[in-house]
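Asker: here is the input, now give the coordinates:
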Amino acid sequence: MEQPFQKMAEEGVPKVAGPTEASVPKKEEEQALPKLSPQESRQYNRMAEHMNYFHENFRQTWNLLYGACTSGKRPGGMSIKAFLNVGEQFAHHLTVHHTIEEQHIFPVLARKMPAFKKELELLTQHKQIHNGLDKFEAYIEQCRTGERELRLAELKAVMDSFGEVLWQHLNDEVEQLGAENMRKYWTAEEIRRMPM
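Answerer: The predicted structure is shown next:
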């Protein structure tokens, strides 16, 4: 039996280095996706909205703490103890939030979404945030135990060490979980089964 490629070569049919454009389908991200219905949009955007709920609490608490640092005075009527408690709770809640993401949410998302894979942007941001957050937590604890006196300018310097990456992360994560991005990777049924 004659080999088809050998016969083609004998007939002078040229060889190509790889598949032609006609034989290669467009990549998923290049294909135009149909417009989402309002119900589909809500469904695909569910995780972004849920995540933003938590992130908005972090933003508000950050603004309270950082506002005090930049103004040089605590919010009216807030004792030093109450202020330090807010800082301690901020650090604790952010640590728990990131732990849950890293152990339960990111591994599921990483199956299809590169931004959630280990050592890529969002996890790298977590590490950068926690480098500063660890210093923040230590400073708050030292003030709480009386080892040092609370100086808002010092606390501001600690917060400045991770504030930019924190705010970028809070926005990036919600953007990655938005409907238009999620639909590139997941079916509606898969979204319904997501752990959040």
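Asker: name the element the spatially most central residue of the chain belongs to?
Answerer: In the chain, the centroid-proximal residue (Cα atoms, centre = their mean) is residue 173; its distance is 2.7 Å. Here residue 173 sits within helix 163-176, counting by DSSP states H and E.
Asker: what do you get for residue 154?
Answerer: helix 152-160.
Asker: so which bits of that helix are buried?
Answerer: Neighbour counts over helix 152-160 (16 or more other Cβ atoms under 10 Å) mark 152, 155-156, 158-159 as buried. Backbone N, C-alpha and C define where each C-beta goes, glycine included.
Asker: check stretch 107-116 too.
Answerer: Of the residues in stretch 107-116, those buried (16+ other Cβ under 10 Å) are 108-110, 113, 115-116.
Asker: repeat for stretch 33-42
Answerer: Those would be residue 36, for stretch 33-42 by 16+ other Cβ under 10 Å.
Asker: endpoints of it, how far apart?
Answerer: End-to-end distance for stretch 33-42: 16 Å, by Cα to Cα, to the nearest Å.
Asker: got the contact list for that stretch?
Answerer: Residues outside stretch 33-42 that contact it (Cβ atoms under 8 Å, 6 or more residues apart in numbering) are 44, 179, 183-184, 188.
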